[in-house]
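Student: Pasting the sequence and the predicted model now:
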Number of protein chains: 2
Amino acid sequence: MANDNKVWNQNDAIPSLVQSKRQLERYGLDVDAQAILVATRLLAAGTKLGHASEVHFARFGLSTGRYRVLVELEDNEGEALPSQLAENLGVTRATMTGLIDTLERDGLVSRRTSAQDGRQRSVVLTEEGAKKLQAMAPEHFARLEAMVGLLSIEERGVFLDLLGRVTQGISALTDETIEPDKPAGELQRKKRSSKE
Amino acid sequence: MANDNKVWNQNDAIPSLVQSKRQLERYGLDVDAQAILVATRLLAAGTKLGHASEVHFARFGLSTGRYRVLVELEDNEGEALPSQLAENLGVTRATMTGLIDTLERDGLVSRRTSAQDGRQRSVVLTEEGAKKLQAMAPEHFARLEAMVGLLSIEERGVFLDLLGRVTQGISALTDETIEPDKPAGELQRKKRSSKE
DNA sequence: TGAATATAGTATGGCACCTAACTAATTTTG
DNA sequence: CAAAATTAGTTAGGTGCCATACTATATTCA
C-alpha cells in the first residue's frame, strides 16, 4: 500500500516531485522529473486561474471574455468590429457573437450596421458599459494587485521574464509535432531571442 | 486554405505595460502598473494553458480531467471511489460522474458496486486504460518537458518558487472580501485534518 | 424500532468556448 | 455585366466543467 501521504486535503491537488518521479519510473522514461513537476504545477495553476477568473468577473455580472470585450472597446474609442475583437482577444468569431449577444442583452454594448459595408455590424460601448467598467475598476485592480502581493517588486520582474518564456513554451503542447527538443540531460536548448 | 483557424497564436493577447498604465490612469487609480501587468499576463497565460492542455489531451482521445482521473487511479492501485477522485482532483462529484461516464464508455475504466456499502460504486482502471497511459506517456512527458525547455535548471527552481506564491495569491480573486496585503510569510498550516 | 439525518452517486440545466456549416453582402474575374 | 469566390457575421451542435437538486442507501438516536 502506498503510504506516501497523499492526504493533501487542500482544495486542489498540488502535484509533488515524488509523484512525478514515480510516474516517470513507471513508464521507464528518461525525463527530468523537475521539469515535469514545473509543467504539471503550471497546468494546475492554469486550471485554478481560469476558474478564479470566472468567479472574479461573475461578481460584476460578467465573464472573463465579456470583460475583455468591454476593455477592448474602451481602448478603441468605444467602437470596434466583431472580427477585430475576435482577433485581438484570440477567440473565434462565433465565440465573439455569443459574447456580444450577452453584452447587448445586458445593455453594455449595442450593435450598429455599417453604412460602408453592409456585412459589418460594428459594436459600440454604451454609456452603461463604460459606467460598468468605471464602477468595477477599483475592486478589480485591487484584487489583481493582491494576487501578486506575495512577490516583491524584483521578484515580479523575474517572474514576468520566466512566465514569458514559459508562455512561449506552451505551444509545445499544441504543436503538430514534438519539438526536436533534446532528450533529458542535454543542455542545448536554444534561446530563441524574441525581440520585445 | 483557411488558416483563419488556430487563432491562439499569442498575437495581441499579450497585454503590455502601456495598456496597464493607461487603464489605471483612466480610472484614476493608484495601483502599481507592473503588478497589474504581471497579473494580467498571468490570467492570459492561464487561459492559454487551459486551452493548450485540452488540445494536448484531445490528441489521445482524452480531456485534461479524464487524464487526471486515469493517473489518480493508477496511483491508487487501479481502484478508487468517485468521491475520493473528486476530492483529490478538486472537482465536484457531479463533474466526476461525467468524467467517469465518458471513460467507461471508452472502456478505460469500469464501475463496480461495493459489497460493503450499497451506495458506493468504485471505479476500476481497466487494462485498456492502463495501456492508454502507457502508450501516451512518452509523447506526453516529452511535450511537458519541452514546455519548460526555455528555462534553465536554475530558472525552473526559481519559477517553481514564484509560481507557488502566485498560486496562493490566486485566492485574492475569489475571496469574499479584499484583503489589504498579505504578509510574505509562508506560514501555511500543514496539519492534516483528514479526520472529520 | 422508526423517523430524522447524513452520505454516495447521479440527473438536470447552465456557461464558456469551440468547429463546421450557413446567410447575406461584397469583390473578383471571365 | 453575371457567375464565382471571398468576407462578415450568425446559427447549430459539441465538449468541459460547474451548481443545484434529486434518489437510494446507510447511520444516528429518541
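Tutor: Good, I have the coordinates.

Student: Please report how far A:Thr64 lies from B:Asn88.
Tutor: Using CB to CB, to the nearest Å, A:Thr64 is found at 26 Å from B:Asn88. (Glycine included, C-beta is placed from N, CA and C.)

Student: And A:Arg165, by the same measure?
Tutor: In this view, A:Arg165 and B:Asn88 are 31 Å apart by CB to CB.

Student: and what of A:Gln134?
Tutor: A:Gln134 sits 43 Å away from B:Asn88, going by CB to CB.

Student: Specify which residue of those two has the higher count of neighbours.
Tutor: Set A:Gln134 next to B:Asn88 and count neighbours by other CB atoms under 10 Å in any protein chain shown: B:Asn88 wins out with 21 against 13.

Student: Could you pull up phi and psi at the more buried one?
Tutor: In terms of degrees, to the nearest 10, the main-chain angles of B:Asn88 are phi -70, psi -30.

Student: swap in the one 4 residues further on?
Tutor: Here is the backbone geometry of B:Thr92 (degrees, to the nearest 10): phi -80, psi 160.

Student: wait, doesn't it sit right on B:Leu85?
Tutor: No - here B:Thr92 does not reach B:Leu85: they are 11.1 Å apart, not a contact under CB atoms under 8 Å.

Student: So those two - more neighbours on which side?
Tutor: Each of B:Thr92 and B:Leu85 has its neighbours counted (other CB under 10 Å); B:Leu85 has more, 23 against 10.

Student: same question for stretch A:152-159, mean pLDDT?
Tutor: What stretch A:152-159 shows for mean pLDDT is 96.

Student: Just the CA trace of it, in CSV.
Tutor: C-alpha atoms of stretch A:152-159 as CSV (Å, rounded to 0.1, in the frame of the first residue of the first chain):
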residue,chain,number,x,y,z
SER,A,152,8.4,41.6,-4.1
ILE,A,153,9.0,44.1,-6.8
GLU,A,154,12.1,42.4,-8.0
GLU,A,155,10.5,39.0,-8.0
ARG,A,156,7.7,40.3,-10.1
GLY,A,157,10.2,41.3,-12.7
VAL,A,158,11.9,37.9,-12.6
PHE,A,159,8.5,36.2,-12.7
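
Student: low-confidence ranges in chain A?
Tutor: Counting by pLDDT under 70, chain A has low-confidence residues at A:1-13, A:179-196.

Student: tell me what the longest helix seen in it is packed against?
Tutor: Secondary structure of chain A per DSSP state H: the longest helix is helix A:33-58. Judged by 3 or more CB pairs under 8 Å, 6 or more residues apart in numbering or on different chains; DSSP states H and E, helix A:33-58 is in contact with helix A:17-27, helix A:64-74, helix B:33-58, helix B:127-147, helix B:153-169, helix B:171-174.

Student: That one versus helix B:127-147: what angle between them?
Tutor: Using axes from the mean of the first three to the mean of the last three CA atoms, to 10 degrees, the direction of helix A:33-58 lies 90 degrees away from that of helix B:127-147.

Student: so how far is A:Gln19 from the residue nearest to the spatial centre of chain A?
Tutor: Nearest residue to the geometric centre of chain A (CA atoms, centre = their mean): A:Gly50, 6.7 Å. Distance from A:Gly50 to A:Gln19, counting by CB to CB: 22 Å.

Student: what's the answer for A:Met136, then?
Tutor: In terms of CB to CB, A:Met136 sits 39 Å off from A:Gln19.

Student: Repeat that for A:Glu72.
Tutor: To A:Gln19, A:Glu72 is 40 Å away according to CB to CB.

Student: go on, A:Gly118?
Tutor: On the measure of CB to CB, A:Gly118 and A:Gln19 end up 58 Å apart.

Student: cool, A:Val166 as well?
Tutor: Applying CB to CB to A:Val166 and A:Gln19 gives a distance of 20 Å.

Student: Could you do A:Ala45 as well?
Tutor: The gap separating A:Ala45 from A:Gln19 is 16 Å, by CB to CB.

Student: Which positions in chain A make contact with DNA strand C?
Tutor: Residues of chain A lying near DNA strand C by CB under 7 Å from any atom of the strand: A:54, A:63-66, A:90-92, A:94-95, A:98-99, A:102, A:117-119.

Student: near DNA strand D, which residues of chain A?
Tutor: So chain A meets DNA strand D at A:51, A:81-83, A:93-94, A:96-98, A:100-101, A:111, A:117, A:119-122 (CB under 7 Å from any atom of the strand).

Student: Would you mind checking these for buried ones?
Tutor: Neighbour-count burial (16 or more other CB atoms under 10 Å in any protein chain shown) applied to those gives A:His51, A:Leu81, A:Pro82, A:Met96, A:Ile100, A:Ser122.

Student: Closest to A:Ala142 out of these?
Tutor: Taking CB to CB as the measure, A:Ala142 lies nearest A:His51 of those, at 19.9 Å.

Student: related to what we said a few turns ago, which ones among the residues of chain A next to DNA strand D map onto helices?
Tutor: Checking the residues of chain A next to DNA strand D against DSSP H, those in helices are A:His51, A:Pro82, A:Ser83, A:Arg93, A:Ala94, A:Met96, A:Thr97, A:Gly98, A:Ile100, A:Asp101.

Student: who touches the closest residue in space to the second one that isn't next to it in sequence in this structure?
Tutor: Which is A:Pro82. Leaving aside its chain neighbours, A:Pro82 sits nearest to A:Met96 (4.9 Å; criterion: CB to CB, 6 or more residues apart in numbering or on different chains). A:Met96 is in contact with A:Val69, A:Pro82, A:Ser83, A:Leu85, A:Ala86, A:Leu89, counting by CB atoms under 8 Å, 6 or more residues apart in numbering or on different chains.
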